[in-house]
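1. Provide a 3D model corresponding to the input given below.
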Amino acid sequence: MNVIRQLRKKVGISQKELSIQLKLSQQSISRIENMDSLDTVPGYLLLRFADFFNVTIDKLIGKDELDLSEEQED
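-> Modelled structure (predicted):
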């Protein structure tokens, strides 16, 4: 499953809610979530997702392991 979809589900928001927060269309969110790899997503969008989910871009693109457990780091 796509990391962005996993993070969105962990936070408990819909694609529509995420699209409003990031000022993107719901279709854009859906397209990005359905990608096998985030390699083609522009850096400025990766930064917006990383900021929203409070993770590094490296974690979004899989260079660092992403902890999706219930406990979050402060």
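
2. Might you report the residue contacts of L18?
-> For L18, the set of contacting residues under the criterion of CB atoms under 8 Å, 6 or more residues apart in numbering consists of 8, 24, 29, 52. In this view, the C-beta of every residue, glycine as well, is placed from N, C-alpha and C.

3. Most neighbours among those, please name it.
-> The most neighbours of any of the contacts of L18, using other CB atoms under 10 Å, belong to I29, which has 23 neighbours.

4. Looking at the contacts of L18, which one is closest to N2?
-> Of all the contacts of L18, the one sitting nearest N2 is R8; the distance, using CB to CB, is 9.2 Å.

5. Not counting residues beside it along the chain, what's closest to the closest one?
-> In this structure, R8 finds its nearest non-sequential neighbour in L18, 5.5 Å apart by CB to CB, 6 or more residues apart in numbering.

6. any idea which element that neighbour lies in?
-> Counting by DSSP states H and E, the element that carries L18 is helix 15-22.

7. buried ones in that helix?
-> Neighbour-count burial for helix 15-22, counted by 16 or more other CB atoms under 10 Å, picks out 15, 18-19.

8. Run through who's touching the helix or strand following it.
-> The C-terminal neighbour of helix 15-22 among helices and strands, as given by DSSP H and E, is helix 26-33. Helix 26-33 is contacted by residues 2, 4-5, 8, 15-16, 18-19, 22, 38, 41, 45 when judged by CB under 8 Å, 6+ apart.

9. Tell me which two of those sit farthest apart.
-> The most widely separated members of the contacts of helix 26-33, counting by CB to CB, are K16 and L38 (20.7 Å).
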